[in-house]
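In: After the sequence you'll find the predicted model.
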Amino acid sequence: MPWKGIRDPYKIWLSEIILQQTRVIQGEKYYLAFTKKYPNIHNLALAKEEEVFRLWQGLGYYNRCRNLLLTAKIIAEKYHGQFPNTYHEIRELKGIGDYTAAAIASFAYNLPHAVVDGNVVRVLSRIFGIKKTFHDAKGKKYFQELAFKLMPSTKSAQYNQAIMDFGAIICKPASPHCTECPFSKICIAKAQNKVTEYPVKKEKKALKIRHFHFYVLQDETNLYLIKRNEKDIWKDLHTPYMIETNGKEKPNSPIFLNSMKVEKSFSLRQQLTHQQLYGHFRIVHIESKKQHLPIEFIKVKKTALTDFAFPRMIISFFKKFDYL
Ligand code: SF4
């Protein structure tokens, strides 16, 4: 992992934000791309929003990207480009929660803050036989306080890294190496022969099913797109005109679409953590001179699509039909 052992708070922050809700293997190439294009916080603070969104494209959870930009600007202006060096100031920045603040405070400044990630929760819950979930406020507080109590007053960075690595390498989620483990004699989960029952899982949220009907309006040279502004997934990204319904049946289309003929249809599916998305695409050719579209439409040359940021589902569609 290219961020391992790094003391630069900017790079630690970047890696932690990228790794929220993203697997290491996927996050690594984004981390390398971001640090190459924006080697320091000033570069990121001065970057154009659309350009940063494009680099983030494919990672999902675009709020992270929005907060990344906002925080870079705050640090550039309020802190003159120097990452703040107290837990309190770091925690106040947009998009930074307890975990990320502790990771920056500990790994960059060696401040005594316990970094509690999934690995740490697993190790502690197994050794101490803790039957609490980390996924509610009470459980979070419990694990946070326990981890802090166990941490030595100096070398917090070393301790935090060690317990995280121990969880990743020895006390793994499935098939932990209990026979080689120095805690095997005191580990409650091992004594109970229930290691895989720890940590206690959170209750599964029901999957929300959503059907998006896209109208891919185009003439010979242009596509007509919408920038999403709603407080929902894909905010600030571009998509073809879209109507959401509860089912896959064709929705009632607005007046401006009534006279248009659908030339091709195509469907795609995408699974998010708590949402199952179905995209039903309809390709519609229009005569740009005759057709009056509502004001929110943005005319984009088909050859200039790479200047815009799109959700993964739209990129898949564009690739399928050779727009990209
Ligand atoms: S004995 Fe097994 S379950 Fe317990 S801490 Fe060690 S590796 Fe984890």
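Out: Cool, the structure landed. Numbers count the residues shown, from 1 in each chain.
In: Name all residues that make contact with Lys231.
Out: Applying Cβ atoms under 8 Å, 6 or more residues apart in numbering to Lys231 gives no contacts. C-beta here means a position set from N, CA and C on the backbone, and glycine is covered the same way.
In: helix or strand for it, which one?
Out: For Lys231, there is no host helix or strand (DSSP states H and E).
In: Show me which residues of the stretch 151-300 of the chain sit near the ligand.
Out: Within reach of the ligand by Cβ under 6 Å from any ligand atom, the stretch 151-300 of the chain has these residues: Ile170, Cys171, Pro176, His177, Cys178, Cys181, Phe183, Ser184, Cys187, Ala189, Lys190, Val195.
In: Highest neighbour count among these?
Out: Ranked by the number of neighbours (other Cβ atoms under 10 Å), those place Cys171 first, at 26 neighbours.
In: quick one: which helix or strand includes that one?
Out: Per DSSP H and E, there is no helix or strand for Cys171.
In: So the spatially closest residue to it that is not a sequence neighbour: helix, strand or coil?
Out: Excluding its sequence neighbours, the residue lying closest to Cys171 (Cβ to Cβ, 6 or more residues apart in numbering) is Val123, at 4.8 Å. Classification of Val123 using DSSP: H, G, I helix; E, B strand; the rest coil returns helix.
In: How about Gln270?
Out: Gln270 is classified as strand under three-state DSSP.
In: For it, list the residues it contacts.
Out: Gln276, Leu277, Gly279, Arg312, Met313, Ser316.
In: residues near the second one, how many?
Out: By other Cβ under 10 Å, the residues close to Leu277 number 20.
In: Quick check: phi and psi at it.
Out: phi -110, psi 140 (degrees, to the nearest 10).
In: Also the first one?
Out: Note on Gln276: backbone dihedrals following degrees, to the nearest 10 are phi -110, psi 120.
In: Go ahead and confirm it touches Lys208.
Out: Yes. Counting by Cβ atoms under 8 Å, Gln276 touches Lys208, with 7.2 Å between them.
In: More neighbours: these two, which one.
Out: Gln276 (13 against 10).
In: Next up, the contacts around that one.
Out: Gln276 neighbours (Cβ under 8 Å, 6+ apart): Leu207, Lys208, Ile209, Arg210, Arg269, Gln270.
In: And for the residue nearest to the second one when sequence neighbours are not counted, the neighbour number?
Out: To tie it back to what came earlier, the one meant is Lys208. Distance criterion Cβ to Cβ, 6+ apart; nearest residue to Lys208, sequence neighbours excluded, is Gln275 at 4.7 Å. By other Cβ under 10 Å, 13 other residues sit near Gln275.
In: And for Leu59?
Out: Leu59: 18 neighbours (other Cβ under 10 Å).
In: So it sits against Gln20, correct?
Out: No. The pair Leu59 / Gln20 is not scored as a contact, 9.8 Å apart, by Cβ under 8 Å.
In: gap between the residue nearest to Cys171 and Pro182?
Out: Look at Val123 and Pro182: by Cβ to Cβ, to the nearest Å, they are 12 Å apart.
In: who has more neighbours, those two?
Out: Taking other Cβ under 10 Å, Val123 and Pro182 do not tie; Val123 has more neighbours (25 against 9).
In: For the more buried one, give me the pLDDT.
Out: If you check Val123, the pLDDT there is 98.
In: okay but it is in contact with Asp165, surely?
Out: No. Using Cβ under 8 Å as the test, Val123 is too far from Asp165 to be in contact (10.3 Å).
In: what about stretch 242-255, average pLDDT?
Out: Averaging pLDDT residue by residue across stretch 242-255 gives 84.
In: again, but for stretch 58-67
Out: 87.
In: So which bits of it are buried?
Out: Leu59, Gly60, Tyr62, Arg64, Cys65, Arg66 (16 or more other Cβ atoms under 10 Å).
In: what sits against the third one?
Out: For Tyr62, the contacting residues are Phe53, Trp56, Ile233, Trp234, Lys235, Asp236, Leu237, taking Cβ under 8 Å, 6+ apart as the criterion.
In: Relative to the whole chain's centre, how far out is stretch 104-119?
Out: Computed by Cα atoms, centre = their mean, to the nearest Å, the chain-centroid distance of stretch 104-119 equals 20 Å.
In: can you check stretch 126-140 too?
Out: The answer for stretch 126-140 is 24 Å, by Cα atoms, centre = their mean.
In: ditto for stretch 311-324
Out: The answer for stretch 311-324 is 20 Å, by Cα atoms, centre = their mean.
In: what's in contact with that stretch?
Out: Taking Cβ under 8 Å, 6+ apart as the rule, stretch 311-324 contacts 57-58, 60, 212, 214, 216, 223, 233-234, 237-240, 266, 268, 270, 277, 279, 281, 283, 302, 305-306, 310.
In: now these: which count as buried?
Out: 57, 60, 212, 214, 216, 223, 233-234, 237-240, 268, 270, 277, 279, 281, 283, 305, 310.
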